[in-house]
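J.: Generate coordinates for the sequence data below:
(one chain, ligands or ions: 1)
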Amino acid sequence: MRLDVVTIFADYLAPLQLSLIGKAQQQGLLDVRVHDLREHTHDRHRTVDDTPYGGGAGLLMKPEPWGEALDALLADPPAGAREEGPVLVVPSPVGEVFSQRAAVELAAEPWLVFACGRYEGIDARVVEHYRTRIRVREVSLGDYVLNGGEVAVLAITEAVVRLVPGVIGNAASLTEESHAPEHDGLLEHPAYTKPASWRGLDVPAVLAGGNHGAVERWRRDEALRRTASRRPDVLRRLDPARCDRHDLAV
Ligand SMILES: N#Cc1c(-c2ccc3ccn(Cc4ccc(CN5CCOCC5)cc4)c3c2)n[nH]c1N
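T.: I've put the predicted structure just below:
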């Protein structure tokens, strides 16, 4: 998988060289390239922003540097890129709320391009223009306001890359975690490790009893209970036939 990130704050993306994602690059599973938007300005001050038409607070990012930066990437597609080009992922407060389903969809792509906005966002014509050429997804991390797209790119990249085959050693764990489609999107059950008793708190006996069927039932019940309590919206999406605990159905 190739990831291109365009930003004015390249240092924000340094964590992509660490840990899981850094290792995936060393293994050749991932090729991450960070590009400075200011390389696509031509004035003395390397200007990327300007005041909004119609007035309003703050500054917007000018379309020209974005057009030059994104055109340069599209002109040099990586080996294995799809005919239809990359998915352009644009973090934005007004985007679709990012989800595990979106992570699974993006993990199936050979090439992602991330546009990290700053200030009050990017001139709307950039997304409008590129929607006519490639697939564009405006994505939000959630209902709170950040100062730019870089933090979102770090989160989205981690959620996507961990799903790429070979990146996570134990692929089985991917199907048992919260929000996994194989897990009906439920929240994960509580998990415990040794010691069996800690500060007067004991691990549920069923988990040490050796009865795998009982363990699986307990884990499913706890996942349903936790989801009903903390994320009733997720439970509502669950097919009633798969909601084994009708006392929890919402
Ligand atoms: N992903 C994600 C995000 C972001 C995010 C993502 C990308 C950028 C690029 C710039 N910013 C700052 C910014 C702040 C406020 C606003 C809204 N104002 C615009 C002018 O009119 C008033 C309203 C826009 C832009 C960004 C924020 N925030 N929250 C998420 N979950």
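J.: Return the residues in contact with the residue nearest to Gln27 when sequence neighbours are not counted.
T.: Distances taken as Cβ to Cβ, 6 or more residues apart in numbering put Gly166 closest to Gln27, at 6.9 Å, once the chain neighbours are dropped. Every C-beta, even on glycine, is put in place using the N, C-alpha and C of the backbone. Residues near Gly166 by Cβ atoms under 8 Å, 6 or more residues apart in numbering: 24, 27, 29.
J.: residue at max distance from the center of the chain?
T.: Residue farthest from the centre of the chain, counting by Cα atoms, centre = their mean, is Gly200 at 38.4 Å.
J.: Can you select the buried ones from the contacts of Gly166 in PyMOL?
T.: Typed into PyMOL, the next command selects the buried ones out of the contacts of Gly166 (criterion: 16 or more other Cβ atoms under 10 Å):
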select buried, resi 24
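J.: From the ligand, how far off is the residue farthest from the centre of the chain?
T.: According to Cβ to the nearest ligand atom, to the nearest Å, Gly200 stands 40 Å off from the ligand.
J.: Sort out which residues of stretch 77-94 are buried, please.
T.: If you call a residue buried by 16+ other Cβ under 10 Å, then stretch 77-94 has these buried ones: 85-93.
J.: Keep only those of those residues that are in strands.
T.: 87-93 (DSSP state E).
J.: what's near enough to touch the residue nearest to Pro110 when sequence neighbours are not counted?
T.: In space, and not counting its chain neighbours, Pro110 is closest to Gly80: 4.7 Å by Cβ to Cβ, 6+ apart. Contact analysis of Gly80 by Cβ under 8 Å, 6+ apart lists 2, 110-111.
J.: Name the SS class of Gly80, please.
T.: coil (DSSP: H, G, I helix; E, B strand; the rest coil).
J.: State the pLDDT value of Asp239.
T.: At Asp239, the model reports a pLDDT of 74.
J.: Distance-wise, check it relative to Pro232.
T.: 15 Å (Cβ to Cβ, to the nearest Å).
J.: separation between the residue nearest to the spatial centre of the chain and the ligand?
T.: What sits nearest the mean C-alpha location of the chain, by Cα atoms, centre = their mean, is Ile156, with 2.2 Å. Distance, Ile156 to the ligand, using Cβ to the nearest ligand atom: 8 Å.
J.: Quick check: that residue touching Val139?
T.: Yes. With contact defined as Cβ atoms under 8 Å, Ile156 reaches Val139; the gap is 6.6 Å.
J.: got any residues that touch both of those two?
T.: Contacts common to Ile156 and Val139, judged by Cβ under 8 Å, 6+ apart, are 89, 91, 98.
J.: Closest to Arg162 out of those?
T.: The closest of the shared contacts of Ile156 and Val139 to Arg162 turns out to be Phe98 (Cβ to Cβ; 14.0 Å).
J.: List the contacts of the closest one.
T.: Residues near Phe98 by Cβ under 8 Å, 6+ apart: 139-142, 152, 155-156, 159.
J.: Show me the two of those that sit farthest apart.
T.: Taking Cβ to Cβ, no two of those sit farther apart than Ser140 and Ala159, at 13.6 Å.
J.: Show me what the longest helix that the chain contains is packed up against.
T.: Assignment by DSSP state H gives helix 212-230 as the longest helix of the chain. For helix 212-230, the elements it packs on are helix 232-237, judged by 3 or more Cβ pairs under 8 Å, 6 or more residues apart in numbering; DSSP states H and E.
J.: counting contacts, what elements does the helix it packs on pack onto?
T.: Looks like helix 232-237 contacts helix 212-230 (3+ Cβ pairs under 8 Å, 6+ apart).
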